[in-house]
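K.L.:
dropping the sequence and predicted coords here.
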Amino acid sequence: MSADLSHVGIWLFDLDHTLYPPECELMGLVDDRMNAYIQRLTGLDDAGSRALRRQYFLDHGTTLAGLMHHHGIDPAAYVAEVQDVSMDGLVPDPMLRAALKRLPGRRLVFTNAGGDYAEKALVRLEIDDLFEDVFHLEAADYIPKPNRSTFERMAARHDVDPAVTCFFEDSERNLEPAHQLGMTTVLVGPNALESSASFVHHRTATLPPFLSGVRVRETF
């Protein structure tokens, strides 16, 4: 049965691996640049840099947050360097565009990526015109999801009422604060159907079919 989201008037989307699938491999390019940055900064080899990244992700939410905490790096310079990648792997999906367009109310992007990167990705996907705005890493003062203060900052900046908001995200742990605030949550991705987390309301392997089939209000 299709999900009943007829109460939703604000549609909030993560970007990477949510609005486009992992098969696009864009994040692989970013990963390579992140590893090169860490190797240059710390002198670690490839295996060591990847291990450090995993630890920082677990402890701080993003590699960047860990680097800021432990190494005092300039976050703006880091983001500009590691997210300066080709978007050629992103392919517009007419089904995604049509599914997004049918959603009544407001549409926003909420991402841990930088603003320039997010804008380029949305343009490449040919869906940039469908979103009211992007709450990106710079707007979050470089404090990433799942930090609850970042959710609260995003909600305040964009006048987001959690009771009528649905948040779509590929990272399970990023949905927990959204649920705590009162949002409806949707886990997206190839492993989403295996999730048993109580704070995940809906699950889908891919986004376009789910959005195409959900029950929505006619107008908001």
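P.N.:
Good, I have the coordinates. Residues are numbered from 1 along each chain as shown.
K.L.:
any idea which helix or strand comes after the helix ranked longest in the chain?
P.N.:
If you go by DSSP state H, the chain has its longest helix at helix 26-42. On the C-terminal side of helix 26-42, the closest following helix or strand by DSSP states H and E is helix 46-60.
K.L.:
can you give me the angle that next one makes with helix 26-42?
P.N.:
Here helix 46-60 runs at an angle of 100 degrees relative to helix 26-42 (axes from the mean of the first three to the mean of the last three C-alpha atoms, to 10 degrees).
K.L.:
for helix 46-60, list the C-alpha coordinates in CSV.
P.N.:
What follows is helix 46-60, C-alpha atoms only, in CSV (Å, rounded to 0.1, in the frame of the first residue of the first chain):
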residue,chain,number,x,y,z
ASP,A,46,45.6,5.4,2.3
ALA,A,47,44.4,2.7,4.7
GLY,A,48,45.2,5.0,7.7
SER,A,49,43.3,7.9,6.2
ARG,A,50,40.3,5.8,5.5
ALA,A,51,40.3,4.4,9.0
LEU,A,52,40.6,7.9,10.5
ARG,A,53,37.7,9.1,8.3
ARG,A,54,35.5,6.3,9.6
GLN,A,55,36.3,7.1,13.2
TYR,A,56,35.6,10.8,12.7
PHE,A,57,32.3,10.0,11.0
LEU,A,58,31.3,7.8,13.9
ASP,A,59,32.4,10.3,16.6
HIS,A,60,31.5,13.6,15.0
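K.L.:
show me what it is packed against.
P.N.:
helix 26-42, helix 63-71 (3 or more C-beta pairs under 8 Å, 6 or more residues apart in numbering; DSSP states H and E). (Glycine included, C-beta is placed from N, CA and C.)
K.L.:
could you identify the helix or strand that succeeds the last one?
P.N.:
Going back to what we said before, that points to helix 63-71. With DSSP H and E, the next secondary element past helix 63-71 is helix 75-82.
K.L.:
in that following helix, what counts as buried?
P.N.:
Counting neighbours by 16 or more other C-beta atoms under 10 Å, one finds that the buried residues in helix 75-82 are 75, 78, 79, 82.
K.L.:
out of the helices and strands packed on helix 46-60, which is the most enclosed?
P.N.:
When the helices and strands packed on helix 46-60 are scored by mean count of other C-beta atoms under 10 Å, the highest mean neighbour count falls to helix 63-71 (a mean of 19).
K.L.:
state the mean pLDDT of that one.
P.N.:
On average, the pLDDT along helix 63-71 is 93.
K.L.:
the inter-axis angle of it versus helix 26-42?
P.N.:
Angle, helix 63-71 to helix 26-42, by the same axes, to 10 degrees: 10 degrees.
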